[in-house]
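Undergrad: Quick one: sequence and predicted model below, then my questions.
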Amino acid sequence: MKIDKVSPSVNSFKPPVSTSRVSSLRDAFNMSAASMGVLATMPAVPTPLSMAAAVGASGVTGAMMNAPKQPAAPPPRRDAALVFNPASITGTSLLQGLLDNSFAAGIMRAAAEGDAATLRLLLSKHDTLPDFTNAHGLSPAMVAAARGQAETLEILASHPLVNLARSDAEGWTALHFAAHLNQRASVTLLLNHHAPFDFETAKGQIAFDLGDAETKDLFVQDKNFKRYLKSRAPEHPLLQPPPAVDEKEQDPPPETDMDADEPEDDKKPEPLQDALFTALTGIGLSLQKDASIDVRAQLNAKMAEMELRQIADAYRRIAQTGVTYNWDDVFIRAAGAGNTAAMVFLQDEIYFEQRTLNRALWQAAAAGQRDAAHHLMLWEADPLYAQKTPTGPIASAIDFAWQRRKLDVIEEMVLWSDVKKTMPAVTRYLADVREKMTTGEARKKRDGLADDEMFMPLVSLSALQKRREELASEKTHTLKENFARVAQSGNITEILASYTEAQRPRFLRGKVGFDARAGGNAMGWALFYGRVTFARKLAADGYKLTDALESIRQKVLASPDAAVRDFAKENLSGDKHYPRIEDTGKRTTSPSAIRQLRTGIMLD
């Protein structure tokens, strides 16, 4: 796209000054040539009143101040027809209120037309602001969202100085425009950038209320919005389980191992309790025959060994009954049993609320289930969530893990949460261990704890927290250089701190990725030190052990830990796919939407 009167070098561009305008102003206010210097301090868009006051034209200033106030024109009401539709405003109307040939005009035009190259060029100047509005109250992000210009919208939404919560006079944000105009790629992109979905317009509508059925489905696929909708309208049709299917109208389900012993002719629809009991426990008994059998007790006993097939079959059976079942309890028990396959399946289907995730983390901490805790931390569970312990007192998840001396679970909480949340707790544990170590063997035997064995791991955790805090303010290139260095040297504390800190978006930085060699080396050292869970996270992020130095790979393959060797061989073979835990619950975007996100081309 060509911007009129803009030179090839953006940095050398300056808005033109109209000499005729200055001359007319000087004549109007009878200014001397010497007083023209006052104009240099004026704002870019001076008003008549500010000009009169600046040059000392008291007569003109007084006349303006005493003139009867003209009522301001009310902002146009936006009805279903969208009086000021960002998708239809073009040309001078779109640029109304912006200086001709200014950076703002260029940014607005590039955003509207999907000219990503020009937009990046204009935003490359460090003092260029990308967030402003035209005379209609529309920002570049609103216009790009309304027109479905996904590539320029992505640039703007990723910019740290763009406020996606900005609204016009009617309370419409970029997400409102995208939803109302059913720009589905824009809706998905804005939700992924955490655009506020709970802002209401002047008519009390949130963005979700404005879209068609397909657009509303996109909102419900966002786990944060789904939690919000559950709290706002728990009976909403999109939150209800699928309706019961008439057995006469559907094809008979394929045989499973659990049904193999039962003759096909004798099958009858199972009552809800029988379906749940059979599917979840794998035991072909009916509660109606023996009411003393406790489903929950059986579920507790079987959860650790249940396979994904059984969970999926149970979910299907219960959903077909049309009866609401408390799957939160099943999810929490799966966390306590360390059944991450069941957890992933249920989280992907149900989008559990924050409280359920917190309770599951508490259960995983109590049971010392590191992998389950890792999943829950990446789903943003809160390690400070507290509930009653089996002995009575209330304790947070991290405190209860410490009471059980589950340091591997505490490490997951330290790695994947805000440092400010967990640092006070680890500092307190370290002080507690120091105190107990000074009381001698009698105190240690009485407590039944070898607290001196806890000292060095806690020191390492404390060092990990402090290093993460130091790295929080580092720039991208510094993080990359540091990670490449420590990934080769094998400092596991530095590796953990650098990588987990790089995964947290910071102001003016965002998430940071590393090159393949550094990631491969880090995976090798993580396995060498027995951090299989961390190595699996690296693999899910696209790093491979094949990219590690040969010396590091040989150390891993010679590990005495069978789990480490198995993971290393599996990863080196290249046959295993490691899904990103963070993406659980996010539905796959359609191919047309993916292409639109990348190219801005509408395919429908």
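TA: Yep, it's here.

Undergrad: Which residue ranges of this structure form strands?
TA: Assigned by DSSP state E, the strands in the chain fall at 386-388, 394-396.

Undergrad: who are the neighbours in contact with the nearest residue to Met377 once chain neighbours are set aside?
TA: Closest residue to Met377 apart from its sequence neighbours, by C-beta to C-beta, 6 or more residues apart in numbering: Trp416 at 3.8 Å. For every residue, glycine as well, the C-beta is placed using N, CA and C. The contact partners of Trp416, taken as C-beta atoms under 8 Å, 6 or more residues apart in numbering, are 374, 377-378, 500.

Undergrad: Can I get the buried part of the residues you listed as one PyMOL selection?
TA: This is the PyMOL syntax for the buried subset of those, where burial follows 16 or more other C-beta atoms under 10 Å:
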select buried, resi 374+377+378+500
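
Undergrad: picking up where we left off before, distance of the residue nearest to Met377 relative to Ala497?
TA: With distances taken as C-beta to C-beta, to the nearest Å, Trp416 is found 12 Å from Ala497.

Undergrad: what bits of the stretch 51-200 of the chain have low per-residue confidence?
TA: Low-confidence segments of the stretch 51-200 of the chain (pLDDT under 70): 51-92, 126.

Undergrad: Low-confidence stretches in the stretch 451-600 of the chain?
TA: For the stretch 451-600 of the chain, applying pLDDT under 70 flags the ranges 451-452, 507-508, 585-600.

Undergrad: which residues sit in contact with the closest residue to Ala372 other than its chain neighbours?
TA: Excluding the flanking residues, the one nearest Ala372 by C-beta to C-beta, 6+ apart is Ala364, at 4.0 Å. Shown in contact with Ala364 (C-beta under 8 Å, 6+ apart): 335-336, 338, 372-373, 376, 409.

Undergrad: one more time with 7 Å, if that's ok
TA: The contact partners of Ala364, by C-beta atoms under 7 Å, 6 or more residues apart in numbering, come to 335-336, 372-373, 376, 409.

Undergrad: and if you look at Ala463?
TA: Contact partners of Ala463, counting by C-beta under 7 Å, 6+ apart, are Thr493.

Undergrad: What of Ala558?
TA: Applying C-beta under 7 Å, 6+ apart, no residues qualify as near Ala558.

Undergrad: give me phi/psi at it?
TA: With angles defined as degrees, to the nearest 10, Ala558 sits at phi -90, psi 10.

Undergrad: That one and Thr533: what is the separation?
TA: Distance of Ala558 to Thr533, computed by C-beta to C-beta: 21 Å.

Undergrad: Could you tell me how many residues sit around the nearest residue to Ala195 once chain neighbours are set aside?
TA: Closest residue in space to Ala195, ignoring its immediate chain neighbours: Leu164 at 4.1 Å, by C-beta to C-beta, 6+ apart. Leu164 is flanked by 21 other residues according to other C-beta atoms under 10 Å.

Undergrad: do the same with Gln465
TA: Neighbour tally, Gln465, other C-beta under 10 Å: 21.

Undergrad: got it, and Val330?
TA: With neighbours defined by other C-beta under 10 Å, the count for Val330 comes to 24.

Undergrad: In contact with it, which residues?
TA: Per C-beta under 7 Å, 6+ apart, neighbours of Val330: Leu346.

Undergrad: Over to Thr422?
TA: When contacts are counted by C-beta under 7 Å, 6+ apart, Thr422 touches 383, 398, 413-414, 465.

Undergrad: ditto for Gln363
TA: Going by C-beta under 7 Å, 6+ apart, Gln363 touches 332, 335-336.

Undergrad: and the gap between Leu153 and Leu175?
TA: Distance, Leu153 to Leu175, by C-beta to C-beta: 11 Å.

Undergrad: okay, these two: which has more neighbours?
TA: Set Leu153 next to Leu175 and count neighbours by other C-beta under 10 Å: Leu153 wins out with 33 against 30.

Undergrad: was I right about that one contacting Thr188?
TA: No: counting by C-beta atoms under 7 Å, Leu153 sits too far from Thr188 to count as a contact (10.5 Å).

Undergrad: Distance to Ile318 added to the contacts of Thr422, as a markdown table?
TA: Supplementary listing: those in a markdown table, determined by distance: C-beta to C-beta, whole Å:
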| residue | distance to Ile318 |
| --- | --- |
| Pro383 | 31 |
| Ile398 | 34 |
| Met413 | 32 |
| Val414 | 37 |
| Gln465 | 43 |
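
Undergrad: Just the buried subset of those, please.
TA: In the contacts of Thr422, burial by neighbour count holds for 383, 398, 413-414, 465, counting by 16+ other C-beta under 10 Å.

Undergrad: of those, closest to Glu474?
TA: Closest approach to Glu474 among these (C-beta to C-beta): Gln465, at 15.7 Å.

Undergrad: ok, now which ones touch the closest one?
TA: So, once contact is read as C-beta under 7 Å, 6+ apart, Gln465 ends up touching 414, 419, 422-423, 426.

Undergrad: gap between Ala105 and Gly137?
TA: Counting by C-beta to C-beta, the gap from Ala105 to Gly137 is 16 Å.

Undergrad: Looking at the two now, which is surrounded by more residues?
TA: Ala105 (21 against 17).

Undergrad: what about the closest residue to that one other than its chain neighbours, neighbour count?
TA: Closest residue to Ala105 apart from its sequence neighbours, by C-beta to C-beta, 6+ apart: Leu98 at 4.5 Å. Using other C-beta under 10 Å, Leu98 has 21 other residues around it.
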